[in-house]
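Q: Here is my input; please provide its structure:
(2 chains)
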Amino acid sequence: GDSVTQMEGPVTLSEEAFLTINCTYTATGYPSLFWYVQYPGEGLQLLLKATKADDKGSNKGFEATYRKETTSFHLEKGSVQVSDSAVYFCALIASSGSARQLTFGSGTQLTVLP
Amino acid sequence: DAGVIQSPRHEVTEMGQEVTLRCKPISGHNSLFWYRQTMMRGLELLIYFNNNVPIDDSGMPEDRFSAKMPNASFSTLKIQPSEPRDSAVYFCASSFADARGGEQFFGPGTRLTVL
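A: Reported below is the predicted structural model:
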């Protein structure tokens, strides 16, 4: 079945550091890929998405590129801020069938120190 | 748009009591999802509906859990009787299932504590 594997946390960085959170997936066909973010005490929010190979999703300085050849969707940000401290989830939706459910990774806790 | 609305935001109850969680999806969305989040198990899909019909309830932990969606604008998740191990944050999410990409919009969650 479909699965998502993401980098284990927690990740602690200093402000303005470069961030990479790795995400790889297993799925048939061409799934859609997502990064969701969960701030403390809140629900999940969509951060960015990509629906086909080589697409780059971007939002709030975060980027991720859909790499079909490596089945990856790594999240990057060039300069993190304290306000980026949150849990980040990589997820996919399968391209076939009527099911439109998300398959989530386990989440990566990011803490950014001032 | 008000987004996905969940109530209550917090619920504290005693073991054995019935608990009902409520969700109002975004207007126009045709899929609704119930998730549970705990430190130990992370984010788990419990059940999801498409056009008010339950499609997959394989994530529902046991018969004490039940979910209904009587119409397109309302869903409930009921636990009867509740147990301490049900303590978690329960999220409802909705989406428009036909869209490529199928972005899900999450509610703020209900934090349930069973004593």
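
Q: Okay, helices next: where are they in chain B?
A: Under the criterion DSSP state H, helices are not mapped anywhere in chain B.

Q: closest point of chain A to chain B, which residue?
A: A:G43 (3.8 Å; C-beta to the nearest C-beta). Where you see a C-beta, it was placed from the backbone N, CA and C, and this is true even at glycine.

Q: if I pick that residue, what's in contact with it?
A: Going by C-beta atoms under 8 Å, 6 or more residues apart in numbering or on different chains, A:G43 touches B:4, B:91, B:93, B:106-109.

Q: Around the residue lying closest to A:P31 once chain neighbours are set aside, how many other residues sit close by?
A: Among residues not flanking A:P31 along the chain, A:L92 sits closest, at 4.2 Å (C-beta to C-beta, 6 or more residues apart in numbering or on different chains). Residues lying near A:L92 (other C-beta atoms under 10 Å in any protein chain shown) number 23.

Q: avg pLDDT for the helix or strand hosting A:L92?
A: Element membership for A:L92, per DSSP states H and E: strand A:86-93. Strand A:86-93 comes out with an average pLDDT of 94.

Q: low pLDDT regions in chain B?
A: B:1, B:98-101 (pLDDT under 70).

Q: Which positions in it make contact with chain A?
A: B:4, B:31, B:33, B:42-43, B:45, B:48, B:50, B:55-56, B:91, B:93, B:95, B:97, B:100-109 (C-beta under 8 Å from any C-beta of the partner chain).

Q: Tell me what the residue nearest to A:P31 is bridged to.
A: On the basis of DSSP bridges, A:L92 is bridged to A:L33, A:T103.

Q: Could you pull up phi and psi at A:D84?
A: When read as degrees, to the nearest 10, the backbone of A:D84 gives phi -80, psi -10.

Q: Point to the residue nearest the middle of chain B.
A: For chain B, B:W34 is the residue whose C-alpha lies nearest the centre (C-alpha atoms, centre = their mean; 3.0 Å).

Q: Residue 25: neighbour count?
A: You didn't say which chain, so I picked chain A. The burial count for A:Y25: 20, using other C-beta under 10 Å.

Q: Actually, chain B is the one I wanted.
A: If you count neighbours by other C-beta under 10 Å, B:P25 ends up with 25.

Q: Distance of the closest residue to it other than its chain neighbours relative to A:A86?
A: Once flanking residues are discounted, B:P25 sits nearest to B:S94: 3.4 Å by C-beta to C-beta, 6+ apart. Using C-beta to C-beta, to the nearest Å, we find B:S94 at a distance of 22 Å from A:A86.

Q: The two: which is more packed in?
A: B:S94 (26 against 21).

Q: Could you find the closest non-adjacent residue to the closest residue to chain A within chain B?
A: Closest to chain A within chain B is B:F106: 3.8 Å, counting by C-beta to the nearest C-beta. Spatial nearest neighbour of B:F106, chain neighbours left out: A:G43 (3.8 Å); criterion: C-beta to C-beta, 6+ apart.
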